[in-house]
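> I'll drop the sequence and a predicted model, then ask my questions.
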Number of protein chains: 2
Amino acid sequence: MSTAEETTGGEVEPWEEVTPEAARRLLVAAVEAFAERGYHATTTRDIAGRAGMSPAALYIHYKTKEELLHRISRIGHDRALDILRTAARREGGAPERLADAVSSFVRWHAGRRTTARVVQYELDALGPDARAEILDLRRQVDGEVRGIIQEGVESGEFDVLDVHGTTLAVLSLCIDVARWFNVDGPRTPEEVGALYADLVLRMVGAK
Amino acid sequence: MSTAEETTGGEVEPWEEVTPEAARRLLVAAVEAFAERGYHATTTRDIAGRAGMSPAALYIHYKTKEELLHRISRIGHDRALDILRTAARREGGAPERLADAVSSFVRWHAGRRTTARVVQYELDALGPDARAEILDLRRQVDGEVRGIIQEGVESGEFDVLDVHGTTLAVLSLCIDVARWFNVDGPRTPEEVGALYADLVLRMVGAK
DNA sequence: GCCGAAGCTGAGCGGCCGCTTAGAGTGCCT
DNA sequence: AGGCACTCTAAGCGGCCGCTCAGCTTCGGC
């Protein structure tokens, strides 16, 4: 397979960029806890406990519990945007690029489900400033997908009446994977990615 | 327009069945608060305040805060299932019934967005028993949509490889409307319903 | 007129919350 | 060796949480 996610190059571990190691452990613990129970139902004692530390240790690396969510959300959105940009800018026609974008994006939502859940569903828990920053990233995400669809329409490869509405639906379909995907379920992230790429090509009336 | 939602007959107000009036006011207040902030971030004082009552009044009508969520979730799922059943059982071919199901279901998620948000995203806040009861209703929801798609495939009206996967995607698309739909946005529930019905017919390869 | 049932409030209980502080342990620089 | 910066813990503070309870009001039945 040759798709956006694999061809980005240097990518190894998701939270590599978070240092020192104790801060990363806390952040990974927070991702798991937020994904399982939601931000508001998660206590700082729970996060610290999962990271094998005392509750006070959290505040050496993060000012508040909300800063943890902000860091997670920012890194997650950066990664999601990176995946879509790579697919949008590769060689090939609009159908190939859209299929690549959807299958990569879906694989990320399924394979990194805990992260994606926090990223997509805990936005409202952020304060106004952090929220605005993340919303700007979301507009860029929307723009990447809309760009591919728009190009496909202009080149005659797609048949779409409402480009904005269809873009919304395509992204919505991908994002909701984070809600229902079950790691122990019958489908692998790759299978869902392939199925969804096919469904999306149908939605845009790809020739 | 003649679709499932209108032809159900007696339906008037959504929470009519909740009595006495004070209990209904509390429940409506809880729906709003849960939808805005999430179940865990909502306090019983907030719910009672929105209903114009003291915090203690809540416990005359409901044993716990969770019972409020359970009642909301149960009634909401019953309504959603009712909408889909009506569409699935009307006369007409599979394409007409699927389009009706999707547009009605989407209109409900958009028009009753606060309720739908609570119903679809706060399931995890329920205890094991209530959760199991709701999951059973969700399986019935899934069954209704899968039934229409299956019939369309068998009659040759649809062209679908993975019936289960496609059913999942169709429902997922509709449900996610409750996440992004904005009452002040540019689209009406009716417009989104019509757009989504068209997109879904494309997904199932309707002739 | 009296009574019991039902609806509601003000006050508050025990407990957990996010977060802080004082101080101990550890390793690097000189 | 001494000093300092960094990391972490034990203890706990003030506050809000879900929920309870004693008592007040209202109202229909007789």
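That came in fine, so what should we check first?
> which other helices and strands contact the helix or strand hosting residue A:147?
Following DSSP states H and E, one finds residue A:147 within helix A:128-154. Contact here means 3 or more Cβ pairs under 8 Å, 6 or more residues apart in numbering or on different chains; DSSP states H and E; on that basis helix A:128-154 packs against helix A:65-89, helix A:94-111, helix A:163-175. No exception for glycine: its C-beta is placed from N, CA and C like everyone else's.
> Adding distance to DNA strand C, write these out as JSON lines.
JSON lines is the format used below for these (distance: least, Cβ to the nearest atom of the strand, whole Å):
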{"stretch": "helix A:65-89", "distance to DNA strand C": "4"}
{"stretch": "helix A:94-111", "distance to DNA strand C": "26"}
{"stretch": "helix A:163-175", "distance to DNA strand C": "26"}
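> Kindly compare burial across these and name the winner.
Here the criterion is mean neighbour count by mean count of other Cβ atoms under 10 Å in any protein chain shown, and of the helices and strands packed on helix A:128-154 the winner is helix A:94-111, at a mean of 25.
> ok, back up a step: can you lay out the helices and strands packed on helix A:128-154 as a markdown table showing distance to residue A:53 and mean pLDDT?
Shown next, in a markdown table, are these (distance: least, Cβ to Cβ, whole Å; pLDDT from 0 to 100):
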| stretch | distance to residue A:53 | mean pLDDT |
| --- | --- | --- |
| helix A:65-89 | 13 | 96 |
| helix A:94-111 | 28 | 97 |
| helix A:163-175 | 33 | 98 |
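> would CSV of the ones you listed with distance to residue B:142 be doable?
Conversion of the helices and strands packed on helix A:128-154 to CSV gives the following (distance: least, Cβ to Cβ, whole Å):
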stretch, distance to residue B:142
helix A:65-89, 28
helix A:94-111, 19
helix A:163-175, 16
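> and residue B:186, which of those is closest to it?
helix A:163-175 (8.6 Å; Cβ to Cβ).
> Taking helix A:128-154 as reference, get the angle to that closest one.
120 degrees (axes from the mean of the first three to the mean of the last three Cα atoms, to 10 degrees).
> tell me the contacts of the most centrally placed residue in chain A?
The centre of chain A sits closest to residue A:80, judged by Cα atoms, centre = their mean, with a distance of 4.3 Å. With contact taken as Cβ atoms under 8 Å, 6 or more residues apart in numbering or on different chains, residue A:80 is in contact with A:105, A:108, A:116, A:119, A:141.
> The same query, at a cut-off of 10 Å, please.
By Cβ atoms under 10 Å, 6 or more residues apart in numbering or on different chains, the contact set of residue A:80 is A:104-105, A:108-109, A:112, A:115-116, A:119-120, A:137-138, A:140-141, A:144, A:174-175.
> and it, how far is that from residue A:112?
10 Å (Cβ to Cβ, to the nearest Å).
> Find the residues that touch each one of those two.
residue A:119.
> Looking at the residue lying closest to residue A:84 once chain neighbours are set aside now. What's its pLDDT?
Closest residue to residue A:84 apart from its sequence neighbours, by Cβ to Cβ, 6 or more residues apart in numbering or on different chains: residue A:144 at 4.3 Å. Note on residue A:144: pLDDT of 97.
> Report the contact partners of residue A:144.
Counting by Cβ under 10 Å, 6+ apart, the residues that residue A:144 touches are A:80-81, A:83-89, A:97, A:101, A:105, A:167, A:171.
> okay, now residue A:45: neighbour count?
Counted by other Cβ atoms under 10 Å in any protein chain shown, the residues lying close to residue A:45 total 11.
> which SSE is it in?
helix A:44-50.
> now residue A:34
helix A:21-37.
> List just the nearest of the contacts of residue A:80 to residue B:159.
residue A:174 (22.6 Å).
> Same question for the strand or helix carrying residue A:199: list its buried residues.
In the assignment (DSSP H and E), residue A:199 maps to helix A:189-203. Neighbour-count burial for helix A:189-203, counted by 16 or more other Cβ atoms under 10 Å in any protein chain shown, picks out A:189, A:192-203.
> Close to DNA strand D: what parts of chain A are there?
A:20, A:22, A:48, A:52, A:53, A:54, A:55, A:56, A:57, A:60, A:61 (Cβ under 7 Å from any atom of the strand).
> Neighbours of the nearest residue to residue A:26 once chain neighbours are set aside, how many?
In space, residue A:26 comes closest to residue A:51 once its chain neighbours are excluded; the distance is 4.7 Å by Cβ to Cβ, 6+ apart. Neighbours of residue A:51 under the rule other Cβ under 10 Å: 22.
> got the phi/psi numbers for residue A:51?
Backbone geometry at residue A:51, expressed as degrees, to the nearest 10, gives phi -90, psi 0.
> so what's it up against?
By Cβ under 10 Å, 6+ apart, the neighbours of residue A:51 are A:22-30, A:32-33, A:57-58, A:61.
> again, 7 Å this time
A:25, A:26, A:29 (Cβ atoms under 7 Å, 6 or more residues apart in numbering or on different chains).
> any chance of these in TSV, plus pLDDT, distance to residue B:163 and neighbour count?
Putting the contacts of residue A:51 into TSV (pLDDT from 0 to 100; distance: Cβ to Cβ, whole Å; neighbours: other Cβ atoms under 10 Å in any protein chain shown) gives the following:
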residue	pLDDT	distance to residue B:163	neighbour count
A:25	93	43	20
A:26	95	44	24
A:29	95	40	21
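> Out of those residues, which is nearest to residue B:159?
So of the contacts of residue A:51, ranked by how close each gets to residue B:159 (Cβ to Cβ), first place is residue A:29, at 46.5 Å.
> The closest one contacts residue A:47, correct?
Yes - the criterion here is Cβ atoms under 7 Å, and residue A:29 meets it with residue A:47 at 5.0 Å.
> Contact residues of chain A facing DNA strand C?
Residues of chain A lying near DNA strand C (Cβ under 7 Å from any atom of the strand): A:42, A:43, A:44, A:45, A:46, A:55, A:56, A:59, A:63, A:64, A:65, A:66.
> list the contacts for residue A:201?
A:95, A:98, A:99 are the contacts of residue A:201 under Cβ under 7 Å, 6+ apart.
> That one and DNA strand D, how far apart?
Note on residue A:201: its distance to DNA strand D, by Cβ to the nearest atom of the strand, to the nearest Å, is 46 Å.
> if I look at residue A:189, how far off is residue A:172?
18 Å.
> again, but for residue A:89
23 Å.
> same check, this time on residue A:44
33 Å.
> rewinding a little: of the residues of chain A next to DNA strand D, buried ones?
Buried among those (16+ other Cβ under 10 Å): A:48, A:53, A:57, A:61.
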